[in-house]
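1. Sequence plus the predicted model coming up.
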Amino acid sequence: MLYNDKVILRPLTVKDADFFYELNAHPALIANVDESPFLPNEIPTEFTERISALCDYIFTVRTTEKPNVLIGDCALHHWDQQNKEVVIGGSLVPDYWGKGYMQAAFNLLAEIAKQELGVKALVGCTKTKNTKAIRLVEKMGFVKYQFDEQNTVMRKEI
């Protein structure tokens, strides 16, 4: 478990599968992806196990005020050991957008990336139309690294 004054991160487990599946099926989040994150006929536990296996670190996000209520997820994945960089990402239930929770979660992930993986840069990938995510990471010091009409890649040296 990791925490700061705003959020608590706990490793994602199959006990969180229903929440994790519903979060990734939320219409406000699906709007920012090209295709469904789910395989045909994939059930929540299968989805959770598959995504967990693809990540170096993946956590549920909870507020410090309500530590038993899951509000999102965050992860480090696609660790590039040669270039010393890792992709950072996450999603929140829309009711929690704009309240500093994802920034607090990303700050904890950045520490893991630096201390445990030895990375020198964080990379964030999103749809160019996902202006909220882009603004969030710009506030954290990320800069546009690659972008076009469809996709934006943000990068931050740490």
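-> It's in. If you're wondering where the values come from, they're calculated on a predicted model, not measured in any experiment.

2. rest of the way, CA atoms for contacts and neighbours
-> OK.

3. could you pull out the strands for the protein?
-> Counting by DSSP state E, the chain has strands at residues 2-3, 7-11, 55-63, 70-80, 85-92, 121-127, 143-147, 151-157.

4. Turn the ones you listed into CSV, including mean neighbour count.
-> Shown next, in CSV, are the strands of the chain (neighbours: other CA atoms under 10 Å):
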stretch, mean neighbour count
strand 2-3, 15
strand 7-11, 21
strand 55-63, 22
strand 70-80, 21
strand 85-92, 22
strand 121-127, 21
strand 143-147, 14
strand 151-157, 18
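
5. E42: which of these is closest?
-> E42 sits nearest to strand 55-63 of all the strands of the chain, at 18.3 Å, using CA to CA.

6. in the sheet, who's paired with the nearest residue to L70 once chain neighbours are set aside?
-> With CA to CA, 6 or more residues apart in numbering as the criterion, L70 has its nearest non-adjacent residue at 4.9 Å, and that residue is R62. Beta-bridge partners for R62, by DSSP bridges, are I8, L70.

7. Can you check what pLDDT the model gives the residue of the chain most remote from its centre?
-> Residue farthest from the centre of the chain, counting by CA atoms, centre = their mean, is N41 at 24.1 Å. Looking at N41, its pLDDT is 97.

8. ok, it to E49 distance?
-> Using CA to CA, to the nearest Å, N41 is found at 14 Å from E49.

9. just Q150 next, same as before
-> For Q150, the distance to E49 - CA to CA - is 29 Å.

10. neighbour count winner among those two?
-> Each of Q150 and E49 has its neighbours counted (other CA atoms under 10 Å); E49 has more, 14 against 11.

11. give the contact list for the closest residue to that one other than its chain neighbours.
-> With CA to CA, 6+ apart as the criterion, E49 has its nearest non-adjacent residue at 6.9 Å, and that residue is V14. Contacts for V14 (CA atoms under 8 Å, 6 or more residues apart in numbering) come out as 45, 48-49.
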